[in-house]
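Participant: model the structure of this input:
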Amino acid sequence: MSDVLRYFFDEHMNTAIADQLRMRGVNVLTAQEAGRAGQGIPDSEQLAYATNLGCTFVTKEKREFPVLAYQQIPHAGIIILQRDAGIGDYIEYLEYLAKTTEPEEIESQPPVYYNWT
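Facilitator: So this is what the prediction gives:
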């Protein structure tokens, strides 16, 4: 694993967030860029793909990913943006996490839930 969080964005994430994070030096790959959007790929396979890349999975989905995490499926981290917020808030939050969190802190752990206020 890397010593810096890298993100893989679920296909439902706003790609403008990824663009802004990149401008701030954060490594982000989107499902669209990886050719994995709009194909009905199961969440477990998307998570496995991100994990193989060493990327923390970022999603707004509140149902499947917590279940996968609690089933002890190995992963490189899961961040769930469960609360509605502005794009700027998401960008600040994800940038902060990327720059202050060691990958080992969230690897195969329960999901990190958005708690920026």
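
Participant: need the contact partners of stretch 84-103.
Facilitator: 1-7, 14, 16-17, 20-21, 24, 26-27, 54, 56, 58, 76-77, 79, 81, 112, 114, 116 (CB atoms under 8 Å, 6 or more residues apart in numbering). Using the backbone N, CA and C atoms, a C-beta is placed for each residue, glycine as well.

Participant: among those residues, which ones are in strands?
Facilitator: In this view, the contacts of stretch 84-103 that belong to strands under DSSP state E are 7, 56, 58, 79, 112.

Participant: how about the helices of this protein, start to end?
Facilitator: Counting by DSSP state H, one finds helices in the chain at the ranges 15-23, 43-53, 64-70, 87-100, 103-106.

Participant: what's the closest of these to residue 31?
Facilitator: The closest of the helices of the chain to residue 31 is helix 43-53. By CB to CB, the value is 6.8 Å.

Participant: so what touches the closest one?
Facilitator: Contacts of helix 43-53 (CB under 8 Å, 6+ apart): 6, 8, 10-11, 29, 31, 34, 36, 56-57, 61, 64-65, 68, 73-76, 78.

Participant: any low-confidence regions in this protein?
Facilitator: Residue ranges of the chain with pLDDT under 70: 1-2, 62, 64-66, 69, 117.

Participant: how does it look with 50?
Facilitator: 1 (pLDDT under 50).

Participant: middle-most residue in it, spatially?
Facilitator: Nearest to the geometric centre of the chain sits residue 58, at 1.9 Å (CA atoms, centre = their mean).

Participant: what sits against that residue?
Facilitator: 7-10, 13, 79, 81, 94.

Participant: tabulate the helices of the chain (JSON lines), appending mean neighbour count.
Facilitator: Converted to JSON lines, these look like this (neighbours: other CB atoms under 10 Å):
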{"stretch": "helix 15-23", "mean neighbour count": "16"}
{"stretch": "helix 43-53", "mean neighbour count": "18"}
{"stretch": "helix 64-70", "mean neighbour count": "16"}
{"stretch": "helix 87-100", "mean neighbour count": "17"}
{"stretch": "helix 103-106", "mean neighbour count": "16"}
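
Participant: ok, now which ones touch the nearest residue to residue 56 once chain neighbours are set aside?
Facilitator: Computed as CB to CB, 6 or more residues apart in numbering, the closest residue to residue 56 that is not its neighbour in sequence is residue 77, at 3.5 Å. Residues near residue 77 by CB under 8 Å, 6+ apart: 5, 56-57, 103, 106-107, 109, 112.
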